[in-house]
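J.: Need a 3D model of the following:
(chains A and B)
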Amino acid sequence: DTGVSQDPRHKITKRGQNVTFRCDPISEHNRLYWYRQTLGQGPEFLTYFQNEAQLEKSRLLSDRFSAERPKGSFSTLEIQRTEQGDSAMYLCASSPQGAEAFFGQGTRLTVV
Amino acid sequence: GENVEQHPSTLSVQEGDSAVIKCTYSDSASNYFPWYKQELGKRPQLIIDIRSNVGEKKDQRIAVTLNKTAKHFSLHITETQPEDSAVYFCAASTHDDYKLSFGAGTTVTVRA
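T.: Numbering: from 1, shown residues only, chains lettered A, B, ... in the order given. Okay, here's the model as predicted:
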């Protein structure tokens, strides 16, 4: 499969624990985006990278969230001290510069 | 920031009939408008997009229209089939970053 890959697909964690998600973009796509989607809503932008540089973070992204894209390849999204309100689908998308975004299957996070 | 509103939230049509979904946007700088289809438990998939230099684009049974003056764009699906049943999202962004602002989605049900 040469599409965007996300791991894990599902994560259940206890409130207060840290979690980390991984996204592998389509090869040679220099842009990588993270979105969050809650039930019945459209995806909401969280942050994006061009190569290894993180160019923008949404105000939705509290200090408990951090994202990296070392070497401009895969990306990780970490949530520290998870809260029940963090429960959502976390979607990653990649695109070649100036073109449409391709989404991964997402990581569904449940905080109990 | 950009605010995208989408209507209706649910749409039920008879197989063979047409479906129309409408979106409005607030940021006059937006110039890229994609539409995504998301089936239950699956990733959003791009079905068609339009850029601000054209007013209409068609791909087989799917067409999108854009009215920049009124800041609205619409998705038209003709000769609907059961496999068209899904949630459809409109989105808007600028060519600078392709950071997508999504509508809340329309659940389309095609009755056989």
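J.: Excluding chain neighbours, what is closest to the residue of chain B found nearest chain A?
T.: Proximity of chain B to chain A (C-beta to the nearest C-beta) peaks at B:F102, 3.0 Å away. In this view, the C-beta of every residue, glycine as well, is placed from N, C-alpha and C. Spatially, and ignoring its direct neighbours in sequence, B:F102 is nearest to A:G42 (3.0 Å; C-beta to C-beta, 6 or more residues apart in numbering or on different chains).
J.: for A:P70, same thing?
T.: Spatial nearest neighbour of A:P70, chain neighbours left out: A:E52 (6.4 Å); criterion: C-beta to C-beta, 6+ apart.
J.: residues touching that neighbour, list them.
T.: The contact partners of A:E52, taken as C-beta atoms under 8 Å, 6 or more residues apart in numbering or on different chains, are A:R69, A:P70, A:K71, A:G72.
J.: And it, how far from A:W34?
T.: As judged by C-beta to C-beta, to the nearest Å, A:E52 and A:W34 stand 15 Å apart.
J.: just B:Y98 next, same as before
T.: For B:Y98, the distance to A:W34 - C-beta to C-beta - is 14 Å.
J.: With A:T13 instead?
T.: To A:W34, A:T13 is 18 Å away according to C-beta to C-beta.
J.: More neighbours: those two, which one.
T.: More crowded of A:T13 and A:W34, by other C-beta atoms under 10 Å in any protein chain shown: A:W34, with 26 against 16.
J.: C-alpha coordinates for the strand or helix carrying that one, PDB please?
T.: Following DSSP states H and E, the helix or strand that holds A:W34 is strand A:31-37. What follows is strand A:31-37, C-alpha atoms only, in PDB (Å, rounded to 0.1, in the frame of the first residue of the first chain):
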ATOM      1  CA  ARG A  31       3.800  18.500   3.200                       C
ATOM      2  CA  LEU A  32       2.200  16.600   6.100                       C
ATOM      3  CA  TYR A  33      -0.900  17.700   8.100                       C
ATOM      4  CA  TRP A  34      -2.500  16.500  11.300                       C
ATOM      5  CA  TYR A  35      -6.200  16.900  11.800                       C
ATOM      6  CA  ARG A  36      -8.600  15.900  14.600                       C
ATOM      7  CA  GLN A  37     -12.100  14.600  13.900                       C
END
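J.: contact partners of it?
T.: A:23, A:25, A:43-50, A:60, A:67, A:69, A:75, A:77, A:88-97, A:101, A:106, B:98-100.
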